[in-house]
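>>> using only what follows, build the 3D model:
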Amino acid sequence: MTFKDVDKNFVQNFRNYFDKDAIARAGKKLSQNSKHSCFGKFMSSLKQAIKDDILKNKSWSKCKAF
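Model prediction:
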């Protein structure tokens with residue numbers, strides 16, 4: 001996978017993974033706080049990639065957070 005593959009669909013699928021499929025250490029679904037924190041870190045890394053001129057496509061920027 002490359003940065004050019006990061007688009008709105010990819011980010012939305014990643015968000016859905018945290019919301020529906022991700023499992024915490026205790027074997028339970030992630031708490032709302034964990035979902036928010038993990039997805040926020042992911043989005044921050046994408047924003048930094050834009051600033052560093054690594055990522056050009058910003059179609060993902062309107063994806064809804066938790």
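
>>> quick one: buried residues of stretch 48-63?
By neighbour count on 16 or more other C-beta atoms under 10 Å, the buried set for stretch 48-63 is 55, 60, 63. Every residue, glycine included, has its C-beta placed from N, CA and C.

>>> and residue 41, how many neighbours does it have?
When counting by other C-beta atoms under 10 Å, one arrives at 9 neighbours for residue 41.

>>> so which bits of the strand or helix carrying it are buried?
Here residue 41 sits within helix 32-51, counting by DSSP states H and E. Using 16+ other C-beta under 10 Å as the test for burial, helix 32-51 gives 35, 38, 39, 43, 46.

>>> now do stretch 1-15
The neighbour-count check on stretch 1-15 (16+ other C-beta under 10 Å) flags 6, 11, 14, 15 as buried.

>>> dump the residues you listed to JSON lines, plus pLDDT.
Listed next are the buried residues of stretch 1-15 as JSON lines, based on pLDDT from 0 to 100:
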{"residue": "6", "pLDDT": "91"}
{"residue": "11", "pLDDT": "95"}
{"residue": "14", "pLDDT": "94"}
{"residue": "15", "pLDDT": "95"}
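
>>> need these in a markdown table (columns: distance to residue 30 and secondary structure).
As requested, these are exported to a markdown table (distance: C-beta to C-beta, whole Å; DSSP: H, G, I helix; E, B strand; the rest coil):
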| residue | distance to residue 30 | secondary structure |
| --- | --- | --- |
| 6 | 22 | coil |
| 11 | 17 | helix |
| 14 | 13 | helix |
| 15 | 12 | helix |
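
>>> widest-spaced pair of the residues you listed?
Spatially, the most separated pair among the buried residues of stretch 1-15 is 6 and 15, at 12.8 Å (C-beta to C-beta).

>>> give me the distance between the two termini of stretch 8-23.
For stretch 8-23, the first and last residues are 23 Å from each other (C-alpha to C-alpha, to the nearest Å).
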